[in-house]
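Peer 1: After the sequence you'll find the predicted model.
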Amino acid sequence: MQKNLVIVESPAKAKTIEKFLGKDFKVMSSYGHIRDLKKKDFSIDIANGFQPIYEVPADKKKLVEELKKQASDSDIVWLASDEDREGEAIAWHLYEVLGLNPEHTKRIVFHEITKNAILHAIETPRDIDLNLVNAQQARRILDRIVGFELSPVLWRKVKPALSAGRVQSVAVRLIVEREREIQAFTPEAAYRVIGIFIVTAANGDKSELKAELNKRFKTKEEAEAFLNSCKSTDFVIEDIQTRPGKKSPAAPFTTSTLQQEAARKLGYSVSQTMSVAQKLYENGHITYMRTDSVNLSDLAINTAKEEIFSTMGERYWKYRQFQTKAKGAQEAHEAIRPTDLKKEKVEGTAQEKKLYELIWKRTIASQMADAELEKTTATIGLATTSEKFVAVGEVLKFDGFLRVYLESSDDESESSDSGLLPPMKVGEVLNMKNITATERFTQRPARYSEASLVRKLEELGIGRPSTYAPTITTVQNREYVEKGDKEGTERSFTVLTLSKDKIKEQTKTEITGADKAKLFPTNIGVVVNDYLTENFPNILNYSFTADVEKEFDSIAEGDLNWVQALDKFYGPFHTTVETSLAAKQERKVGERLLGNDPKTGKPVSVKIGRFGPMVQIGSNEDEEKPQFASLMKGISMEEMTLEQALKHFELPRTLGEYENETITVAVGRFGPYVKFGKLFVSLPKGANPMETTLDEAIELIEAKKKQEAEKFIKKFDEEPELEVLNGRFGPYIAYSGSNYKIPKGTDPKVLTLDECMTIIKDQPAKKTTARKTKAVKEPKATKEPKAAKESKVAKTAKEPKATKTTKATKTTKK
DNA sequence: CAGTGAGCGAGCTTCCGCTTGACTT
C-alpha cells in the first residue's frame, strides 16, 4: 500500500512526475475528463436548475475502477489536474466519482514540470475551487444546449445529420464570408513606376540604383505623360537619410503559432502537426503541445542563456518574458519548448526531427538579441515634376536572433529586394538607364488555410488549443468546408518602358488568383450559414464566445450565479429555436428558382435535398413526379444559372460501345462515375462528367479491371468463404464478413489454409462495414439520483475557508 | 458503402474540451 496517489491528466506527465517524487508517491493519469454529460439525449434537466446528467463513458469505466482501487489503497490522494477551468472540473469529477474522502484529498497545481515546482505544489495544497468548477459546468451545459437545440433545427430545415455549435458554426461563417468578399472584389489597376539609374563612383566604377516613384498612376495616359516628362530632364540626388532599425524575435510557440509555422515552413496540416508534436511529447523531447501560454520556465530561460553564451557568445543573448495576448487564454502550461534546450536535434522520424528543430530554433531565438539594421533612403528628384524617386537600402549590421530563426508570414507580397545602396552624395546627377511603368492590380482577400483559420479563431477567442485541429476536421467532415486548390486565371497587363528617349508598350500576362490547400465553403456550408446567421444572429456573432467567456469569468470569481447566467441565456434562445421550428417558409431553406424548362415549361429549381444539393424540374405539387439530379461538384448554388441546371439532366450520357457493352457516365451518391456493364468506376477528382470522352472512360475501366485482378491473391477450395486479398493497407484475409490483418513479414502468397485459420483465431474479428451495429434498445434508464451527488458537492468545499466556496456551494445546491 | 431523392413514418443524427491509442480494406 502506497502512501500517496497523485492524479494528473496526461500519462506522459505522470511518468515524469513519478521520477521527481520518489517511492512514497504513485502517479496515475485520468486521461483527461473521466465524466461528461451523457453522450445521448439532452441530459440537462432545464426545469430543475439546469441539473446536468453525467456519466462515465464506456471507454473510461475500466480506468475509473483502477483509480478507485488505488485511491482507496492510499493515505492521501493529490488531485493534480491543470490549473484552469477544465482542470478544476476534472479534479472535481474525480473527487465525486472516486468517492474521495475530503480529509484525505488535496488539490495541487503547477505550471511547469520541474522538481521544484512540484515539490512546492505539494507543500501548498488547496481545496477544489467550486466557483471555477461551476464556470466549467456552465460552459459545458451552454455548449450542449446550443449544439443539441440548433442541430435539430437544421435537420428539419435543411438536411439530416447536420450540426451546429458555438465554435464550428462561427468557423464556417468566417469561411463563407471570406468567399463572399472574394466574389465581391474587383481589382483596381495602377501603374507602378520604377527607374534604374547609373551611379558612377569616384574611381569610375558604375553600379545600378533601383528606385520607385512615390506615386502610382491610375491610367495608362497619366503614366505615359509622366514617362514623357522624364525624357529630357536631370535626375538629381536630393537627400540621403540613414536610420538605424531593429527586428525582434517572435514569442515561443503556442499551439496556434506552432500550427501556423509548421504549415508555412514545413507544409504540415494542422492535425499532422499535432500528431507529430504528440510523439515528441510522449518521447519526452518537448513540453506539452496544447497550450495558449508563451511563458517559459526559469529553468528553460537559464538553459537558453547558457546555450546562447556557449555557442554564439554573450552579445547574442537577451532576457525576454513574453506576454500572452490571446483572448481568453488560460495558461495552464508553459509555451511549447524543448524539454532540454541543450539538445539541438533529437532522434525520430524525419517529420519529428524537423518539427523539433523548428521548436528548438524558435525557443532559442526568443531569448536572443534584436537584429540591428541600417536603413538608407535616397530621394531622387527631377526638374519636370514634383514626384520623387525613392531608393531604399537595408543593411544588416548585426544578425542577432536572425542567426537562428525568422518567422514566416502568410502574405507573399512583392519581394522587397533591398540591399546595400551604392555610395552616393547629395547633389549628384544620375544617368537614367530606363524607367518602366507596370500595371499592377490590388490583391483580393486571401482564402483561409487551416492554420490561418486557427489563427483567426484564436484571435476571436473561439475554441481552445485542444480543439483547433478537431474543429478544422469537423467542419470538413460535415461537408461545410472543403480543402482544395483553385487554378488561377490569366490576366494581361501593360508595361511601358522608357529607354533612350523612346517609350515602348508591351502587353504581358500573369496568372492570378491561384490557390493551394485553402478552405472553400460548400453549398451546404453556405446555406446552413445563411440560415443560422439570419435566425440565430446572436450565436453566430463573432463576439458571442468572448461575451459568454466574460460571464464564465464572473462565475469563476464567485460574482455570478451559474444557474442564473444560463437562465438568462436560455429563455430567449429557446424561444428563437421554437419559432424557427414552427416557421413555415414558402420555400425550402436555400432553394432558388432558376426559371422554366423550355421543353416542358415546368419550374427549374436548385436546393438542398436529403442527400445534398440537387436540381429539380417540376414541383412536388405536380401530378407528375419531378425529375432530380445531384449537383455536380464545384458548382455554386448561389451563382447557378438555368442553363447550367438543365445541363444536369443530360446525364446519364452514353459514351459508346466497348467490348459489346454500353459505357455511360452519370453522377451518383459518390460523385460522377462511369458505368460499364456491372462495373462502376468513379471519375477522378475534379473531372467533369459532361466532358468525359469514350477513350478516357475505357482507360478508367481498364485501370479498375487491373486493380480488381490484383486485389485477389489466393483462395482455398476447401474453404470458399476465405479469401486472401490486397487492400489499401496491404494484404489481408477476408473470412465470413470479417477482415484480418496478416502479420508483418509474412508472404501472403505462400499462406496455407491452416496458417490463415491461425491468424483468424488470434485476432478479434473486425466488421467489414463501418456501419454501426443497430443498438439494442435499452430499457429507459431511470434518471440518475441527483440528491446523492448534491450532498457530496457540499462536502467537497471543505468548510468555508473562503467566502467564495460557500457561495458556490449554495448555488450548486439550489 | 452503392449509383437514390416526395408519398406512410419510427428512429437516427448533434455540442465543446480534456486526454490517448486503435485502426482503417
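Peer 2: Ah, there it is. Here the structure is a predicted model, which is why all the values come from computation and not from measurement.
Peer 1: Quick check, the residue in chain A closest to DNA strand B?
Peer 2: residue A:727 (1.3 Å; C-beta to the nearest atom of the strand). C-betas here are computed from N, CA, C, even on glycine.
Peer 1: Quick check: bridge partners of that residue?
Peer 2: residue A:730 (DSSP bridges).
Peer 1: Strands along the stretch 651-800 of chain A, start to end?
Peer 2: For the stretch 651-800 of chain A, applying DSSP state E, counting those that start in this stretch gives strands covering A:653-658, A:661-668, A:671-676, A:679-682, A:712-716, A:719-727, A:730-735, A:738-741, A:766-767.
Peer 1: just those: most buried one?
Peer 2: Highest mean neighbour count of the strands of the stretch 651-800 of chain A: strand A:671-676, a mean of 20 (counted as mean count of other C-beta atoms under 10 Å).
Peer 1: contacting residues around that strand?
Peer 2: Identification of contacts with strand A:671-676 by C-beta atoms under 8 Å, 6 or more residues apart in numbering yields A:632-633, A:652, A:655, A:658, A:661-667, A:680-683, A:687-689, A:692, A:697, A:700-701.
Peer 1: ok, and which of those residues reach DNA strand B?
Peer 2: With C-beta under 7 Å from any atom of the strand as the criterion, the members of these in contact with DNA strand B are A:666, A:667, A:680, A:682.
Peer 1: quick one on the thing from earlier: weakest of the strands of the stretch 651-800 of chain A by average pLDDT?
Peer 2: The minimum mean pLDDT among those belongs to strand A:766-767 (a mean of 50).
Peer 1: Please spell out which residue in chain A sits farthest from the middle.
Peer 2: Within chain A, the residue lying farthest from the chain centre (C-alpha atoms, centre = their mean) is residue A:203, at 58.5 Å.
Peer 1: Surely that residue is within a strand?
Peer 2: No: assessed with DSSP: H, G, I helix; E, B strand; the rest coil, residue A:203 is coil; it does not lie in a strand.
Peer 1: one step back: which two from the ones next to DNA strand B among the contacts of strand A:671-676 end up farthest apart in space?
Peer 2: A:667 and A:680 (12.1 Å; C-beta to C-beta).
Peer 1: with the ones next to DNA strand B among the contacts of strand A:671-676 in mind, which one is nearest to residue A:536?
Peer 2: Closest to residue A:536, out of all of these and judged by C-beta to C-beta, is residue A:667, at 33.1 Å.
Peer 1: if I look at the closest residue to that closest one other than its chain neighbours, how far off is residue A:652?
Peer 2: Sequence neighbours aside, residue A:630 is the residue nearest to residue A:667 in space, at 4.9 Å (criterion: C-beta to C-beta, 6 or more residues apart in numbering). Distance, residue A:630 to residue A:652, by C-beta to C-beta, to the nearest Å: 12 Å.
Peer 1: The two: which is more packed in?
Peer 2: Ranked by neighbour count (other C-beta atoms under 10 Å), residue A:630 and residue A:652 place residue A:630 first, with 19 against 15.
Peer 1: how about that one, what does it touch?
Peer 2: A:611, A:612, A:613, A:614, A:648, A:667, A:668, A:669.
Peer 1: let's see it at 7 Å
Peer 2: Contacts for residue A:630 (C-beta atoms under 7 Å, 6 or more residues apart in numbering) come out as A:612, A:614, A:667.
Peer 1: Include distance to residue A:467 when you put the residues you listed into TSV, please.
Peer 2: Shown next, in TSV, are the contacts of residue A:630 (distance: C-beta to C-beta, whole Å):
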residue	distance to residue A:467
A:612	27
A:614	33
A:667	35
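Peer 1: How about the secondary structure of residue A:411?
Peer 2: Looking at residue A:411 with three-state DSSP, the answer is coil.
Peer 1: Quick check: chain neighbours aside, which residue is closest to it?
Peer 2: Counting by C-beta to C-beta, 6+ apart, the residue nearest residue A:411 is residue A:446, at 6.9 Å.
Peer 1: Buried ones in the helix or strand where residue A:534 lies, by neighbour count?
Peer 2: Per DSSP states H and E: residue A:534 is located in helix A:523-535. For helix A:523-535, burial by neighbour count (16 or more other C-beta atoms under 10 Å) applies to A:523, A:524, A:525, A:526, A:527, A:528, A:529, A:531, A:532, A:533, A:535.
Peer 1: now stretch A:243-258
Peer 2: A:249, A:250, A:251, A:252, A:253, A:254, A:255, A:256, A:257, A:258.
Peer 1: how close does the second one get to residue A:530?
Peer 2: Using C-beta to C-beta, residue A:250 is found at 38 Å from residue A:530.
Peer 1: next one: residue A:61
Peer 2: Counting by C-beta to C-beta, the gap from residue A:61 to residue A:530 is 43 Å.
Peer 1: now do residue A:724
Peer 2: Counting by C-beta to C-beta, the gap from residue A:724 to residue A:530 is 51 Å.
Peer 1: what do you get for residue A:20?
Peer 2: With C-beta to C-beta as the criterion, residue A:20 and residue A:530 are 55 Å apart.
Peer 1: Over to residue A:505?
Peer 2: Distance from residue A:505 to residue A:530, by C-beta to C-beta: 46 Å.
Peer 1: Tell me the spacing between the closest residue in space to residue A:635 that isn't next to it in sequence and residue A:634.
Peer 2: Using C-beta to C-beta, 6+ apart and skipping residues adjacent in sequence, the residue nearest residue A:635 is residue A:644, 6.4 Å away. The gap separating residue A:644 from residue A:634 is 11 Å, by C-beta to C-beta.
Peer 1: Same drill for those two, tell me which one is more crowded.
Peer 2: The residue with more neighbours, out of residue A:644 and residue A:634, is residue A:644; 16 against 12, by other C-beta under 10 Å.
Peer 1: tell me the secondary structure for the more buried one?
Peer 2: Relying on three-state DSSP, one would call residue A:644 helix.
Peer 1: residues in contact with the nearest residue to residue A:163 once chain neighbours are set aside?
Peer 2: Residue nearest to residue A:163 in three dimensions, not counting chain neighbours: residue A:151, with 4.9 Å by C-beta to C-beta, 6+ apart. By C-beta under 7 Å, 6+ apart, the contact list for residue A:151 reads A:162, A:163, A:164.
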